[in-house]
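Asks: got a sequence here, can you build the structure:
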Amino acid sequence: MVFQSVSDNEEFKLVILKEEKRELIDKIFGFKGETPRVNVNTIFLLIPIESERLALKNTIRDYLACEYIKNENLNLSDEQKREVEERLKTLGGTLGDQLRRAYRNIFIPGKSEKEDLGLPTVGEKRALNILVYDALKREGNILEAIDPIVIKERLLGDKDYVSTKNILDSSYRTPGALRFANKEVLVDGIKRAIEGKILGLGELRGNEIVLNYYGEGQNPEICFKEEEILIKKEICEQKVKERKNKIEPKSPEVESSLKIEEKDRYIGFPDKSKSVIKEPEGTLSLGISKKDRVKLKFKLPEGRASDVMKIISFLRQKFNMVEIRIRAEEGEINESDYEMKVKEAFTQLGIEFEDE
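Replies: Predicted coordinates for the structure are as follows:
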């Protein structure tokens, strides 16, 4: 049986079935042989649309019949041989299109109903598995990048900390959990969250939260061990403050007319023997101008959304209120996509918005 042969590892698996059989689908999601399946969130089941399946089946039969005639030593005239060759060429050209048109329904872990991947572009040449992967990526079912804010809102939520190992394991094992194209996608997102002071990285020692990395200029090694945790911003700030208060005051330096404020360049406390390197943040007596509000208007360049989010994240650190207005034009979106993939996404992130 097919459900016995589908591996149960952490890699993505596309299972293609010749028809929809609910009992078989449940077994594939639920079991590897007789053993309950562990990494259920890594499996996708592709099935044909019934009306298109019948047309595909007939085309395949015609193609195989023409191949048989061509390869058998039949007493055909030259004209008949040419007709067979032309028929094979025609069928071969339509077979790929019919295959892609037929195999469009996909079952995704965590979703109760199958989804239609949509009609392929006429003349599409990509392999079926590549088409499916690209569609899953386009709809957010597989992530090749993750924004630090999403890590904070979706993976940490209102908790004080969360195990990095639990996050990674959940992406494999929990139906509907965020799926990453590879582990490095999550690593990169965590590093950017640390750099932007959205989250910190540390470890849990008994009941004690130990902060190791928080802020810029660091290169944390993320190893996804049980004790390794992501820590919410408020706790990180408190840990930093406590650490600063423990540092003994320095002896006064030579008098200067410029008052210099210092800040920690390294905010990770892996070893008490390591001193904290200080660097001047700026002078206070030169009257550096400051802005109490920022207003910007720009068009979002294609492929630069993540870069813009870094800027927004930086501004959010400086201001208590940051408001974003989105105006999208010169295109169109289905009403259902707008409701489910835009408004619902904001709702799940806990972001209040006005639909203008």
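
Asks: do a quick rundown of the helices in the stretch 151-300 of the chain.
Replies: Along the stretch 151-300 of the chain, counting by DSSP state H, counting those that start in this stretch, helices occupy 164-173, 183-195, 233-246.

Asks: those helices: which one's closest to I151?
Replies: helix 183-195 (5.3 Å; C-beta to C-beta). In short, each C-beta sits where N, CA and C put it, glycine included.

Asks: is it true that L201 touches I190?
Replies: Yes: at 6.8 Å, L201 and I190 qualify as touching, with contact defined as C-beta atoms under 8 Å.

Asks: now do the shared contacts for those two.
Replies: Shared contacts of L201 and I190 (C-beta atoms under 8 Å, 6 or more residues apart in numbering): T164, P220, I222, L230.

Asks: how about the strands in the stretch 251-356 of the chain?
Replies: 260-264, 278-283 (DSSP state E, counting those that start in this stretch).

Asks: low-confidence ranges in the stretch 151-300 of the chain?
Replies: 247-289 (pLDDT under 70).

Asks: ramachandran angles for I60?
Replies: Dihedral pair for I60: phi -60, psi -40, per degrees, to the nearest 10.

Asks: next: the one 3 residues further on.
Replies: Dihedral pair for Y63: phi -60, psi -50, per degrees, to the nearest 10.

Asks: and it, what is it in contact with?
Replies: L88, L91, G92, L95.

Asks: can I get the residues you listed in CSV with pLDDT?
Replies: As requested, the contacts of Y63 are exported to CSV (pLDDT from 0 to 100):
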residue, pLDDT
L88, 90
L91, 88
G92, 84
L95, 87
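
Asks: separate out the buried members of those.
Replies: Buried by 16 or more other C-beta atoms under 10 Å: L88, L91, out of the contacts of Y63.

Asks: now do the strands in the stretch 1-150 of the chain.
Replies: Remark: strands assigned in the stretch 1-150 of the chain by DSSP E, counting those that start in this stretch are 13-16, 31-32, 35-36, 43-47, 105-107, 115-116.

Asks: which one, of those strands, ends up nearest to E344?
Replies: For the strands of the stretch 1-150 of the chain, the distance to E344 is smallest for strand 115-116, at 14.9 Å, taking C-beta to C-beta.

Asks: coming back round to it: got the helices of the stretch 151-300 of the chain as a markdown table, with distance to N75 and mean neighbour count columns?
Replies: Putting the helices of the stretch 151-300 of the chain into a markdown table (distance: least, C-beta to C-beta, whole Å; neighbours: other C-beta atoms under 10 Å) gives the following:
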| stretch | distance to N75 | mean neighbour count |
| --- | --- | --- |
| helix 164-173 | 60 | 18 |
| helix 183-195 | 61 | 20 |
| helix 233-246 | 83 | 14 |
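
Asks: tell me how many other residues surround I198.
Replies: 25 (other C-beta atoms under 10 Å).

Asks: ramachandran angles for it?
Replies: Main-chain torsions, I198, degrees, to the nearest 10: phi -90, psi -40.

Asks: tell me the contacts of it?
Replies: For I198, the contacting residues are P148, I149, I151, K152, K233, S313, by C-beta under 8 Å, 6+ apart.

Asks: if you rank the residues you listed by neighbours, which is first?
Replies: When neighbours are counted by other C-beta under 10 Å, P148 leads the contacts of I198 with 23 neighbours.

Asks: distance of that residue from F12?
Replies: Distance of P148 to F12, given as C-beta to C-beta, to the nearest Å: 24 Å.

Asks: quick one, what contacts the residue nearest to L199 when sequence neighbours are not counted?
Replies: With sequence-adjacent residues excluded and distances taken as C-beta to C-beta, 6 or more residues apart in numbering, L199 is closest to A193, at 4.3 Å. Contacts of A193 were listed using C-beta under 8 Å, 6+ apart, and they are P148, I151, K152, L199, L230.

Asks: list the buried residues in stretch 311-330.
Replies: When burial is assessed from 16+ other C-beta under 10 Å, stretch 311-330 yields the following buried residues: S313.

Asks: residues in contact with that stretch?
Replies: With contact meaning C-beta under 8 Å, 6+ apart, stretch 311-330 is reached by P148, I149, G196, K197, I198, R293, V294.

Asks: switch the cut-off to 10 Å
Replies: With C-beta atoms under 10 Å, 6 or more residues apart in numbering as the test, stretch 311-330 has contacts from 147-149, 192-193, 195-198, 233, 290-297, 299-300, 308, 338, 342, 351, 353-354, 356.

Asks: CA atoms of stretch 66-74 as CSV?
Replies: C-alpha atoms of stretch 66-74 as CSV (Å, rounded to 0.1, in the frame of the first residue of the first chain):
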residue,chain,number,x,y,z
CYS,A,66,0.2,4.8,-31.4
GLU,A,67,3.5,3.8,-29.8
TYR,A,68,2.5,0.1,-30.0
ILE,A,69,1.7,0.5,-33.7
LYS,A,70,4.9,2.3,-34.3
ASN,A,71,7.1,-0.2,-32.6
GLU,A,72,5.5,-3.4,-33.8
ASN,A,73,6.5,-4.8,-37.2
LEU,A,74,3.2,-4.1,-38.8
